[in-house]
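> The following block contains a protein sequence and its predicted model.
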Amino acid sequence: MDKFINLYDFIDFAKANRKYPDSIANNLKSALKIFEKELNAEELKSIDMVEDSIGEIFRSLVIANKNKSIVSLNAYKARLLKVIKDYKKYGAEPSKIENWVAKIRKSTPLLIKKDKIDKKNIILSNSINAPVENFHKIDLSFDCGKAQISIPKNISLKDAKIVKAVIDSLTIE
């Protein structure tokens, strides 16, 4: 009789033989850990019993994990069933693992394109390299309208006298 704990060893064995990538192996182990909490002593002793009573176990899991979405819990259930299926096919007799052709998962171009578009649209904050204003702004109000004078911070004395003369010429006595 195959025990539930054998599934952990099988995942490590399949990972070592390059049948599960690291990420998939970790996801499968997570599913085992979540379901293991809901199993009774008899179910821990028999993988077949877990598979036969998966509906009841899943209901217990849903009740115990009200904070998780049903979509993610269904994903965990699918992962558990996948491990059990693979274990029965290749784990019971380790020599059969040689005949196991692992699926190579390819990313969908649609997702890659969408990710690139999303990345362009994300603005984390204003640019740090915003130009520093190296001039003084002087706002003037007149009866006929408003004016703004921009004067560089490092103005020469000669240029300052010219600006002063221009402003003086605007005054009405």
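Looks like it arrived, so ask away. A quick note: this is a predicted structure, and the numbers were derived from the prediction, not measured. Residues are numbered from 1 along each chain as shown.
> quick one, helices of this protein?
Listed from the start of the chain, the chain has helices (DSSP state H) covering 6-16, 22-36, 41-45, 47-52, 54-64, 70-86, 109-121, 157-170.
> Considering those helices, which stretch scores lowest in mean pLDDT?
Of all the helices of the chain, the minimum mean pLDDT falls on helix 109-121 (a mean of 62).
> right, and the helices of the chain - which one's nearest P94?
Go through those one by one with Cβ to Cβ and the one that ends up closest to P94 is helix 6-16, at 6.9 Å. C-betas here are computed from N, CA, C, even on glycine.
> The closest one: which residues count as buried?
Burial within helix 6-16, assessed by neighbour count using 16 or more other Cβ atoms under 10 Å, is assigned to L7, Y8, F10, I11, F13, A14, K15.
> For the helices of the chain, give me TSV that also has distance to W100.
Rendered in TSV, the data for the helices of the chain read as follows (distance: least, Cβ to Cβ, whole Å):
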stretch	distance to W100
helix 6-16	8
helix 22-36	14
helix 41-45	26
helix 47-52	18
helix 54-64	23
helix 70-86	8
helix 109-121	27
helix 157-170	82
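> circling back: now, among the buried residues of helix 6-16, which is nearest to S60?
Closest approach between these and S60, by Cβ to Cβ: L7, at 18.4 Å.
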